[in-house]
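1. sequence-free structure coming up:
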DNA sequence: TGGTGTGAACAACTTCACAGCG
DNA sequence: CGCTGTGAAGTTGTTCACACCA
């Protein structure tokens, strides 16, 4: 195959495959079949082959995929063969935890700016050494530091305004932790991380009859 | 309609509807049409009517839905007309932020137990007054305090073992923040909150041509 | 032989379009 | 008349099944 429109779900799974392949690589596994990888990622083997077929075509029939090669290729597809600059807005418990969260760094995501409305937090040095700036500085500072992805960890009421600010930078990708459906400005992709919704789902599961 | 199997996506949206309705109720709005609600939640109006039709049937033709009544009903469906006891495992930056996160409380989710492997953290009093216990205490303490939902915020390597422990309690619902696809023990529903995956999606978006 | 690549069948979910009711 | 409730159509994504190749 090749090209065609790629389902969002495929991209999500690609990310899971990459993660599994990293583990396999660390374990010195050289080759893996779609069946084995499917088991690790808890998906259907045909699904993996379909997903990969959108982009690559170097599985070896009768053998499988070369772990290193496949990992490299998936990371290239996702754009993980470089680093990305993040700007976080909102340094409450969650925002602060995110900046400090080492997984981001490991994966090549760097926080280059941090913003809050609370005057008492301005100037505060985060563990990484990054200082908190006022939200009024979002546009100039994000431009100066070349922030590419926004991370919104404000209360729900402020999220929309913050996203609009970020869009002005312009920042074209936002990870939103605020519990609202924010309107995405033209050309901006918003991914919501909404654990209240997930908790509700669990409550429903426990309640459901 | 009534009954039939309800799509998972419907439950997710129900949660969004509830959130929007809460805002509307606070604003004294009494009645809302599927079209208006759809706008707030950024979904299709027919979708809302379909979703609701799985459960209720009291929209008023030519008028819409009564906000208070609909909110009450959705909350009942999701199981939010009561409180839920949570147990968190892993009190790194993220786990600690979650326990302290006020949104949970507002929505009726209470942390009743907290666990970590790090001996230096055991006995530490969280801001809520909750003390950290060793993971070896998961089963007895969760039973004693009637924990119903597990929140896993450990490193990836420990998540599977923790989920198995929780399943033994038995806890039948888990919110997993660890970046792994954990195998769900029989009867346990796992919801993953995976922001690395979402970030990768954003990176892909920014890269894609 | 064994596992990929893929058309075709299938399943799930979404949107349309309109009858019917308040 | 306007908006709900819903069958039917449409769309999207998943799984099967097997030809094909190392």
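-> In hand now; what should we look at? The structure displayed is predicted, hence computed values, not measured ones. Residues are numbered from 1 along each chain as shown, chains lettered A, B, ... in the order given.
2. In terms of residue numbering, what are the domains of chain A?
-> Domains of chain A are assigned by automatic domain parsing as A:8-78, A:84-197.
3. okay, those, which one's buried deepest?
-> Highest mean neighbour count among these (mean count of other CB atoms under 10 Å in any protein chain shown): domain A:84-197, with a mean of 19. Where you see a C-beta, it was placed from the backbone N, CA and C, and this is true even at glycine.
4. Kindly list the longest helix within chain A.
-> helix A:8-26 (DSSP state H).
5. is any part of it close to DNA strand C?
-> No: Helix A:8-26 lies apart from DNA strand C when judged by CB under 7 Å from any atom of the strand; the minimum separation is 10.9 Å.
6. C-terminal to that helix, which secondary structure element comes first?
-> In the C-terminal direction, the helix or strand that comes right after helix A:8-26 (DSSP states H and E) is strand A:31-32.
7. Pairing partners for that next one, with directions?
-> The pairing partners recorded for strand A:31-32 under DSSP bridges are strand A:65-66 (antiparallel).
8. Off-centre distance for the partner strand?
-> Put simply, strand A:65-66 sits 25 Å off its chain's centre (CA atoms, centre = their mean, to the nearest Å).
9. does any bit of that strand sit next to DNA strand D?
-> No: Strand A:65-66 lies apart from DNA strand D when judged by CB under 7 Å from any atom of the strand; the minimum separation is 11.7 Å.
10. Could you check the angle the host helix or strand of residue A:161 makes with helix B:8-26?
-> Per DSSP H and E: residue A:161 is located in helix A:156-168. Put simply, helix A:156-168 runs at 110 degrees to helix B:8-26, going by axes from the mean of the first three to the mean of the last three CA atoms, to 10 degrees.
11. that older thread, the longest helix of chain A close to chain B?
-> Yes: judged by CB under 8 Å from any CB of the partner chain, helix A:8-26 and chain B are in contact via A:8, A:11, A:12, A:14, A:15, A:16, A:18, A:19, A:20.
12. Who are the contact partners of the last one?
-> For residue A:20, the set of contacting residues under the criterion of CB atoms under 8 Å, 6 or more residues apart in numbering or on different chains consists of A:37, A:40, A:41, B:181.
13. which parts of chain A sit against DNA strand D?
-> A:5, A:7-10, A:43-44, A:46-47, A:49-50, A:60-63.
14. biggest separation within these, which pair?
-> A:8 and A:62 (32.1 Å; CB to CB).
15. so who does the closest residue to DNA strand C within chain A touch?
-> Nearest to DNA strand C, among the residues of chain A, is residue A:59, at 2.6 Å (CB to the nearest atom of the strand). By CB under 8 Å, 6+ apart, the residues touching residue A:59 are A:34, A:49, A:52, A:65.
16. lowest-pLDDT helix or strand in chain A?
-> helix A:102-106 (a mean of 83; mean pLDDT, DSSP states H and E).
17. Following element in sequence after it, please.
-> Where DSSP H and E defines the elements, the next helix or strand beyond helix A:102-106 is strand A:109-116.
18. pLDDT on that following strand, on average?
-> In this model, strand A:109-116 has an average pLDDT of 97.
19. So which elements touch it?
-> strand A:84-89, helix A:93-100, strand A:132-134, helix A:138-144 (3 or more CB pairs under 8 Å, 6 or more residues apart in numbering or on different chains; DSSP states H and E).
20. Direction included, what does it pair up with?
-> strand A:84-89 (parallel), strand A:132-134 (parallel).
21. Switch these over to TSV; also include mean pLDDT.
-> Listed next are the strands paired with strand A:109-116 as TSV, based on pLDDT from 0 to 100:
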stretch	mean pLDDT
strand A:84-89	98
strand A:132-134	98
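22. Distance to residue B:151 added to those strands, as JSON lines?
-> Below are those laid out as JSON lines (distance: least, CB to CB, whole Å):
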{"stretch": "strand A:84-89", "distance to residue B:151": "22"}
{"stretch": "strand A:132-134", "distance to residue B:151": "27"}
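23. Export the ones you listed as TSV, with columns for distance to DNA strand C.
-> Putting those into TSV (distance: least, CB to the nearest atom of the strand, whole Å) gives the following:
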stretch	distance to DNA strand C
strand A:84-89	29
strand A:132-134	39
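24. Mind putting the domains of chain A into CSV with distance to residue B:96?
-> What follows is the domains of chain A, written out as CSV (distance: least, CB to CB, whole Å):
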stretch, distance to residue B:96
domain A:8-78, 24
domain A:84-197, 7
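25. Would you mind saying which of the ones you listed lies nearest residue B:126?
-> domain A:84-197 (11.1 Å).
26. Between the two ends of the closest one, how far is it?
-> Terminal residues of domain A:84-197 lie 28 Å apart, using CA to CA, to the nearest Å.
27. how distant is it from the center of its chain?
-> With CA atoms, centre = their mean as the basis, the mean position of domain A:84-197 lies at 13 Å from the chain mean.
28. my guess is residue A:197 contacts residue B:15, does it?
-> Yes: Residue A:197 is within contact range of residue B:15, at 4.4 Å (criterion: CB atoms under 8 Å).
29. tell me the SS of residue A:190?
-> strand (DSSP: H, G, I helix; E, B strand; the rest coil).
30. residue contacts, the residue most central in space within chain A?
-> A centroid search over chain A (CA atoms, centre = their mean) returns residue A:175, at 7.1 Å, as the residue closest to the centre. Counting by CB under 8 Å, 6+ apart, residue A:175 makes contact with A:149, A:150, A:151, A:152, A:191, A:193, B:195, B:198, B:199, B:202.
31. Select from those every entry located in strands.
-> A:149, A:150, A:151, A:152, A:191 (DSSP state E).
32. Tabulate those residues (JSON lines), appending pLDDT.
-> Listed next are the ones in strands among the contacts of residue A:175 as JSON lines, based on pLDDT from 0 to 100:
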{"residue": "A:149", "pLDDT": "98"}
{"residue": "A:150", "pLDDT": "98"}
{"residue": "A:151", "pLDDT": "98"}
{"residue": "A:152", "pLDDT": "98"}
{"residue": "A:191", "pLDDT": "97"}
